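**Q** Pasting the sequence and the predicted coordinates here, then a few questions.
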Amino acid sequence: QVQLVESGGGLVQAGASLRLSCAASGRTFSRFVMGWFRQAPGKEREFVAAVSWSGGSTYYADSVKGRFTASRDNAKNTAYLQMNSLKPEDTAVYYCAAATRAWGTSGEYDYWGQGTQVTVSS
């Protein structure tokens, strides 16, 4: 079992930056691919980014490529999502997720956090 807790969300203006954190506890963090997803009101949950076990590989949705950066610190059991140049359309609840057999949008993520709200005003 893995417990995931997101933090770092908030209300910012367009063009600002935020860094989300996802603290993990339980099973060995470095065994998991870490993914980031988001869900806006009235919309389905969508994939945002993923970072591999070592942190050496990342994968992004086209909508955030070049603006968001996924990373991890296995010594701290924490994954991060650095979000720059935020846009109003980035407003959503952001979730981190852990997977042993998934990459990007392929496969299923086994564990999910509770989410953190990101609101970007114009």
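**A** All right, it came through fine. Since we're looking at a predicted model, the values are computed, not measured. Numbering: from 1, shown residues only.
**Q** ok, so what distance separates Ser63 from Gly55?
**A** Distance from Ser63 to Gly55, counting by Cβ to Cβ, to the nearest Å: 22 Å. C-beta: built from backbone N, CA, C; applies to glycine.
**Q** Can you classify the spatially most central residue of the chain as helix, strand or coil?
**A** Nearest to the mean C-alpha position of the chain, counting by Cα atoms, centre = their mean, stands Trp36 at 2.6 Å. Here Trp36 is recorded as strand under DSSP: H, G, I helix; E, B strand; the rest coil.
**Q** For Ser106, see how far away the residue lying closest to Asp90 once chain neighbours are set aside is.
**A** Leaving out its chain neighbours, the residue that sits closest to Asp90 by Cβ to Cβ, 6 or more residues apart in numbering is Val120, at 5.2 Å. Val120 sits at a distance of 28 Å from Ser106 (criterion: Cβ to Cβ).
**Q** and the lowest-mean-pLDDT helix or strand in the chain, what does it pack onto?
**A** Least confident helix or strand, the chain: strand 106-108 with a mean of 86, by mean pLDDT, DSSP states H and E. Helices and strands touching strand 106-108, by 3 or more Cβ pairs under 8 Å, 6 or more residues apart in numbering; DSSP states H and E, are strand 101-103.
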